[in-house]
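In: Would you be able to build a 3D model of this:
(2 chains)
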There are 2 protein chains.
Amino acid sequence: MPGAFSFHLLATDGAARRGEIATPHGPVATPVFMPVGTQATVKGLTPEAVRAAGADIVLANTYHLMLRPGAERIAALGGLHQFMNWPHAVLTDSGGFQVMSLSELRKVEEKGVTFRSHLDGALVELSPERAVEIQHQLGADIAMQLDECLQLPAPRVELDRAMRLSLAWAERSKRAFEGSAREGHALFGIVQGGDDATLRVESARALVDIDFHGYAIGGLAVGEPQEVMLRLIGEVAPVLPPDRPRYLMGVGTPGDIIEAVARGVDMFDCVLPTRNGRHGLAFTRFGPINLKNARHAGDPRPLDETSNCPAARAYSRAYLHHLVKANEMLGAILLTTVNMAFYQELMAGLRAAIAAGQFDAFREKSKQGWARGDIAPL
Amino acid sequence: MPGAFSFHLLATDGAARRGEIATPHGPVATPVFMPVGTQATVKGLTPEAVRAAGADIVLANTYHLMLRPGAERIAALGGLHQFMNWPHAVLTDSGGFQVMSLSELRKVEEKGVTFRSHLDGALVELSPERAVEIQHQLGADIAMQLDECLQLPAPRVELDRAMRLSLAWAERSKRAFEGSAREGHALFGIVQGGDDATLRVESARALVDIDFHGYAIGGLAVGEPQEVMLRLIGEVAPVLPPDRPRYLMGVGTPGDIIEAVARGVDMFDCVLPTRNGRHGLAFTRFGPINLKNARHAGDPRPLDETSNCPAARAYSRAYLHHLVKANEMLGAILLTTVNMAFYQELMAGLRAAIAAGQFDAFREKSKQGWARGDIAPL
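Out: Numbering: from 1, shown residues only, chains lettered A, B, ... in the order given. Below is the predicted model:
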């Protein structure tokens, strides 16, 4: 079937991989950064602006959308792509992470999770089967299994229990998906196990036995040091089949992404470019710049005159500082635009470098730029 | 001098006028609606989006910009056009209205007004001469004299006093402008006098004797009924010279604008399209639509499939409702875009109708559409 989900590895450079995912809504070049569209919108950007930044795919959230406006409503309106005017690929998170981080009075049982909505306190049930059903209603090109996420640090007995529960849910998710799968759509399993490498490897092996279209590493970047995260990725990635995409959920900083790509990860999502944009922080080749800082108030220079992003070239730091201080929407819009372009340029650079066998040089050059930092005008 | 301020009347239809203003930053087709860029940004829109909606000119505020980031700072950064990345025309309000509506502890004297900044409580002085100086520092193509605005109703003795003070300030503004005028820039006088037609006409005649590039009618749409406003415009407009543009400050609704154009007004500014956009209200050919209303939650129709504005065609009312309920920035962005396009389409329609001698038919058709109201789907 044309446009059915598939993954092709196009090049490798060490453990770093350059690939392409086919989806019913177009191709996704990997390594890929997926802008987060939690509530069916990437905060601060029109879909045209998200696309113009270079995005092939966005992420949306089952948890948020099931509560508002409801999966049945979005299905009746033609699915998420039509709803949000985004004709390209969509991946939906299953809701496990948000149940942990946003809802109250949650009860995790074998059958699923029961929680109170953070919006109106309504009691809501979410099972592995229901999470798959919702993601089909949303029309996700890539759906995620329901899993249980723990915050770190957590006792090993808890990590073990949550990992095994997530595995049982993975099996049920797979069965539910096969019973209702729309042709060409994909379901990913999620490796859990906290910061315990033995549990992580066991989780990965068991998921591979179940056989998913792709494999995510969940429950990282939730408080542990970067070196712990990278060590665990280094343990898990070799267990995963090379012909399936690998997705590190909720990660991360530019440095996190480069190091995870170096260890064989293909897919990323993170709120950093959007959230930081709303809080006055710009990502640049020379590290982050906090536009709230008074030193920018009279600075006529753009953020980066060599950026491909018009917003990084056409506005002075003084103007951006003014907009941020005055709490004007345009400040958030422009900085989100700049950050989105930065992340997408980073991914395009990674893809080109891997294809050219220049990954190490690209990593070195990028890190040198970030380490140089912003230099004040003479 | 090419691009120097001038006004040419191109056509009339009854009292309605079709004209063109030349400015150092390009032509302005009249009747014109000027989007309000209070703090050097039209809230929620990039300059490209403001231009794409059809705007030739935006308004910025002396009061806000003198307090933050400061007129000297904007001058050092190349002026307002460069600061806000808007290469087209800019009109600046003198600050009189904002001193009345925003600041505390203001003291109005013959020499000028002293007030406390609404930002930090700092004591600030603004004189007619300083208001002209600031507007030159900002680089305004069209500057406004400092005036004293009163809220209505007000006692006649107060209206009389404020009108005469504004006239004295008009003379001083003119002298200050002539002493420092950058070639090609313009200064407008402001007719005051509250809801008293005799005072209004006296104010207009005296301003014409002073001789300005254009004449504004200030201090209306501040609480009085629409019929009072229109009656006063009808009294004042005939006193103003036909070869100068007439600007009705801070007005208004689409109906206000059409009726003021019918009485010979050429220029308008108002926060309605931007403020209402941020509050979930869309202007359409069939009247305003409140997207907060639950009846839109499942409505797949766009706001107006015949609009020239892509945002009015590409998104369902259900999606806009969702964005507004979820308090997502994109809701404000899209509705502001729709409203800005609506206002600019209205002005383009007025200009075409006047040029074609079809003003009355256009007025009738527009009002019939608004009166029809939004019709629910079958």
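
In: Next, give phi and psi for the closest residue to residue A:180 other than its chain neighbours.
Out: Residue nearest to residue A:180 in three dimensions, not counting chain neighbours: residue A:136, with 5.9 Å by C-beta to C-beta, 6 or more residues apart in numbering or on different chains. (Each C-beta comes from the backbone N, C-alpha and C, glycine too.) Comment: the main-chain dihedrals of residue A:136 come out as phi -70, psi -40, following degrees, to the nearest 10.

In: What of the one 4 residues further on?
Out: With angles defined as degrees, to the nearest 10, residue A:140 sits at phi -60, psi 130.

In: Spell out which residues sit in contact with it, please.
Out: Residue A:140 is in contact with A:60, A:80, A:90-92, A:185, counting by C-beta atoms under 8 Å, 6 or more residues apart in numbering or on different chains.

In: same question, residue A:53
Out: By C-beta under 8 Å, 6+ apart, the residues touching residue A:53 are A:35, A:45, A:309, A:337, A:340-341, A:343-344.

In: Dump these to a markdown table, plus pLDDT.
Out: Compiled in a markdown table, the contacts of residue A:53 are given as follows (pLDDT from 0 to 100):
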| residue | pLDDT |
| --- | --- |
| A:35 | 98 |
| A:45 | 98 |
| A:309 | 96 |
| A:337 | 98 |
| A:340 | 98 |
| A:341 | 98 |
| A:343 | 98 |
| A:344 | 98 |
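
In: Select only the buried ones of those in ChimeraX?
Out: One line in ChimeraX is enough to select the buried ones among these; burial here means 16 or more other C-beta atoms under 10 Å in any protein chain shown:
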select /A:35,45,309,337,340,341,343,344
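
In: among the contacts of residue A:53, which are in reach of chain B?
Out: residue A:45 (C-beta under 8 Å from any C-beta of the partner chain).

In: Among the contacts of residue A:53, which pair sits farthest apart?
Out: Using C-beta to C-beta, the pair of the contacts of residue A:53 lying farthest apart is A:35 and A:309, separated by 14.0 Å.

In: Chain B contacts on chain A?
Out: Within chain A, the positions lying close to chain B (C-beta under 8 Å from any C-beta) are A:39-41, A:43-46, A:68-69, A:73, A:76-78, A:82-85, A:297-298, A:300, A:314-316, A:318-319, A:321-323, A:325-326, A:328-330, A:332-334.

In: Tell me which residues touch the residue of the stretch 151-300 of chain A found nearest chain B, please.
Out: Closest residue of the stretch 151-300 of chain A to chain B, C-beta to the nearest C-beta: residue A:300 (5.5 Å). For residue A:300, the contacting residues are A:316-318, B:77-78, by C-beta under 8 Å, 6+ apart.

In: just residue A:170 next, same as before
Out: Contacts of residue A:170 (C-beta under 8 Å, 6+ apart): A:128, A:145, A:147, A:189-190, A:206-207, A:210, A:212.

In: Confirm it sits in a helix?
Out: Yes: assigned with DSSP: H, G, I helix; E, B strand; the rest coil, residue A:170 falls within a helix.

In: Per-residue pLDDT of it, please?
Out: Per-residue confidence (pLDDT) for residue A:170: 98.

In: Which ones among the contacts of residue A:53 lie within helices?
Out: With helices identified by DSSP state H, the entries of the contacts of residue A:53 that belong to them are A:337, A:340-341, A:343-344.

In: For chain B, state which of those residues is nearest.
Out: Nearest to chain B, judged by C-beta to the nearest C-beta, of these is residue A:337 at 8.5 Å.

In: pretty sure residue A:299 is touching residue A:316, no?
Out: Yes: between residue A:299 and residue A:316 there is a contact under C-beta atoms under 8 Å: 6.6 Å.

In: and the two? which has more neighbours close in?
Out: For the pair residue A:299 and residue A:316, the greater number of neighbours falls to residue A:316 (21 against 18), based on other C-beta atoms under 10 Å in any protein chain shown.

In: what sits against the closest residue to chain B within the stretch 101-250 of chain A?
Out: Each residue of the stretch 101-250 of chain A has a distance to chain B, by C-beta to the nearest C-beta, and the smallest belongs to residue A:119, at 9.3 Å. For residue A:119, the residues meeting the contact criterion (C-beta under 8 Å, 6+ apart) are A:67-68.

In: Let's verify it: helix, strand, or coil?
Out: Under the three-state scheme (three-state DSSP), residue A:119 adopts coil.

In: before we move on, what about residue A:8?
Out: For residue A:8, the assignment made with three-state DSSP gives strand.

In: Same check on the one 3 residues further on?
Out: Secondary structure, three-state DSSP: residue A:11 is strand.

In: quick one: contacts for it?
Out: With contacts defined as C-beta under 8 Å, 6+ apart, the neighbours of residue A:11 are A:17-18, A:354-355, A:357.

In: what do you get for residue A:112?
Out: A:125-128, A:130, A:146, A:169.

In: Spatially nearest residue to it, not counting backbone neighbours?
Out: Nearest residue to residue A:112, sequence neighbours excluded (C-beta to C-beta, 6+ apart): residue A:127, at 3.3 Å.

In: got the phi/psi numbers for the residue in the stretch 51-200 of chain A that chain B sits nearest to?
Out: Of all residues in the stretch 51-200 of chain A, residue A:69 sits closest to chain B, at 4.7 Å by C-beta to the nearest C-beta. Here the main-chain torsion angles of residue A:69 (degrees, to the nearest 10) amount to phi -90, psi 0.

In: The closest residue to it other than its chain neighbours: which element?
Out: Of all residues beyond its chain neighbours, the one nearest residue A:69 is residue B:322 (4.7 Å), with distances taken as C-beta to C-beta, 6+ apart. Applying DSSP states H and E as the criterion places residue B:322 in helix B:317-325.

In: in the stretch 151-300 of chain A, which spans are helices?
Out: Assigned by DSSP state H, counting those that start in this stretch, the helices in the stretch 151-300 of chain A fall at A:156-180, A:197-210, A:226-236, A:254-262, A:272-278.

In: would JSON lines of those with distance to residue B:113 be doable?
Out: JSON lines is the format used below for the helices of the stretch 151-300 of chain A (distance: least, C-beta to C-beta, whole Å):
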{"stretch": "helix A:156-180", "distance to residue B:113": "66"}
{"stretch": "helix A:197-210", "distance to residue B:113": "69"}
{"stretch": "helix A:226-236", "distance to residue B:113": "57"}
{"stretch": "helix A:254-262", "distance to residue B:113": "50"}
{"stretch": "helix A:272-278", "distance to residue B:113": "36"}
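
In: if we take the contacts of residue A:53, which one ends up nearest to residue A:101?
Out: Relative to residue A:101, the closest of the contacts of residue A:53 is residue A:35; by C-beta to C-beta it sits at 19.1 Å.
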